[in-house]
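*Asks:* pasting the sequence and the predicted coordinates here, then a few questions.
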Amino acid sequence: DVVMTQSPLSLPVTLGQPASISCRSSQSLVHSDGNTYLGWFQQRPGQSPRRLIYKVSNRASGVPDRFSGSGSGTDFTLKISRVEAEDVGVYYCMQGSHWPLTFGGGTKVEIK
Amino acid sequence: EVLLLESGGGLVQPGGSLRLSCAASGFTFSTHAMSWVRQAPGKGLEWVSAISVTTYYADSVKGRFTISRDNSKNTLYLQMNSLRAEDTAVYYCAKDLPYSGWFFDYWGQGTLVTVSS
């Protein structure tokens, strides 16, 4: 199985400051069709997960442009350009290139 | 508006069975792949099973869980047999965004399954 490793586990951030979360996979996420299926989800406290980014860098519908995704191969990053209070929660990466689908362990974003 | 509403969770003894349902609305259900994802208390997300033209399972549930769908009822199911304590979790159904590589663009509110004697 593809192991997804996120860092850091916890990320205290000052409001208005940037935040960056790393996600690394144990093998390349380049699919045989040439696409890289790496996505990001946000889970606010007490809520269901919510879509953010798909295929590395595509923002899902309704996602603010302060969220951006980048990376390739085995190394990926989610960035929040200016953290707002509503961004508090746990962020998960997930790979869809290989079966079984696997999630990272999560990164908890909190306000300092 | 896309809505996914799970039901069927509850308390079950080890070795028991439970069937979860996910009622979908607001999109053409029959044309979308669907998945079940679970979250044990205080833990992260774990993909469980998916259905498109075929079915897929995590190794941890293979042979015990069966995913199915009834397109006439716009409903996704998860039949869970031989339940274990480690199956205790909130179970979410999730809708696939086409051509995204199993990216889930909508999630239900979840239903809690507790396996305990």
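*Replies:* Cool, the structure landed.

*Asks:* quick check, central residue of chain B?
*Replies:* residue B:36 (2.9 Å; Cα atoms, centre = their mean).

*Asks:* next: chain A.
*Replies:* Short answer for chain A (Cα atoms, centre = their mean): residue A:40, at 3.5 Å.

*Asks:* and that one, what does it touch?
*Replies:* Contacts for residue A:40 (Cβ atoms under 8 Å, 6 or more residues apart in numbering or on different chains) come out as A:23, A:52-53, A:67, A:69, A:78, A:91-94. For the C-beta atoms, the positions are set from N, CA and C on the backbone; glycine is no exception.

*Asks:* okay if I get those as CSV plus secondary structure?
*Replies:* Below are the contacts of residue A:40 laid out as CSV (DSSP: H, G, I helix; E, B strand; the rest coil):
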residue, secondary structure
A:23, strand
A:52, strand
A:53, strand
A:67, strand
A:69, strand
A:78, strand
A:91, strand
A:92, strand
A:93, strand
A:94, strand
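
*Asks:* what would those residues look like in TSV with neighbour count?
*Replies:* Listed next are those as TSV, based on neighbours: other Cβ atoms under 10 Å in any protein chain shown:
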residue	neighbour count
A:23	28
A:52	23
A:53	24
A:67	19
A:69	22
A:78	27
A:91	25
A:92	24
A:93	30
A:94	24
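
*Asks:* quick one: contacts for residue 8?
*Replies:* Answering for chain A, as no chain was given. A:21-22, A:107.

*Asks:* could you do chain B instead?
*Replies:* B:18-21, B:111.

*Asks:* since that was my last question, I'll sign off now.
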